[in-house]
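J.: sequence and predicted model, in that order:
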Amino acid sequence: MKKYISGMMFYYYFVCKRKLWLFANEIQLENENEDVKIGKLLDENTYSRERKHVLIDNTINVDFIKDWEVLHEIKKNKTVEDAAIWQIKYYLYFLKKRGITLEKGILDYPKLKKRKEIFLELNDEIKIENILLEIEKIIECKIIPSIEKLKICKKCAFYEYCYI
């Protein structure tokens, strides 16, 4: 049985394998997390002229796509920037596989007044395909991955679940 792999799952792969497994198995504690609430407020109050939250194939949910040329993903800070970069690359890959080739992705940090251009390279596509296989293995596993003890754990919505 092949599961849909959302952009959030792809993002969590880079953040924490345990968080990925919990999310994929519908254990979600993020609604009460202060950082998640701030992120939602930022999302609601930026780029208000754009048509946001574009759901594609009931799998990926892109923040917005400008003129079907440039994909935008909004983040509040650079804490896990590598994960955000790969999330955008996954979105570009996902769309390309469906015949929609976009020029690039933009990682937007409205609070920091910064942005970063992201491009999908050929070797990225190979890496993405390997990561998708790894994600499938993680989410289909019957046992939750062990705690990784990362710097970001204390701000994670799952902190109490993992440590208390």
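T.: That came in fine, so what should we check first?

J.: when you work out contacts or count neighbours from here on, use the C-alpha atoms and nothing else.
T.: Fine.

J.: what residues does residue 145 make contact with?
T.: 17, 18, 21, 138 (C-alpha atoms under 8 Å, 6 or more residues apart in numbering).

J.: what does the pLDDT read for it?
T.: At residue 145, the model reports a pLDDT of 94.

J.: check residue 162 too.
T.: Reading off the model, residue 162 has pLDDT 86.

J.: which other residues reach the strand or helix carrying it?
T.: Per DSSP states H and E, residue 162 falls inside helix 159-163. Helix 159-163 is contacted from outside by 147, 153, using C-alpha under 8 Å, 6+ apart.

J.: make 363 the starting number, not 1.
T.: Okay, residue one is now 363; in that scheme the one you just asked about reads as helix 521-525.

J.: now tell me which helix or strand of this structure has the poorest mean pLDDT.
T.: Lowest mean confidence among the helices and strands of the chain (mean pLDDT, DSSP states H and E): helix 396-407, at a mean of 60.

J.: the following helix or strand past that helix pairs with which strands, parallel or anti?
T.: Using DSSP H and E, the next helix or strand after helix 396-407 towards the C-terminus is strand 416-418. Paired strands of strand 416-418, with direction, are strand 422-424 (antiparallel) (DSSP bridges).

J.: ok, residues contacting the strand it pairs with?
T.: Contacts of strand 422-424 (C-alpha under 8 Å, 6+ apart): 367, 368, 369, 414, 415, 416, 417, 418, 433, 434, 435, 453.

J.: what's the following helix or strand after that strand?
T.: strand 426-428.

J.: can you list the strands that that next one pairs with?
T.: Sheet pairing for strand 426-428, assigned by DSSP bridges, gives strand 432-436 (antiparallel).

J.: now the partner strand, how far from the centre of its chain.
T.: 12 Å (C-alpha atoms, centre = their mean, to the nearest Å).
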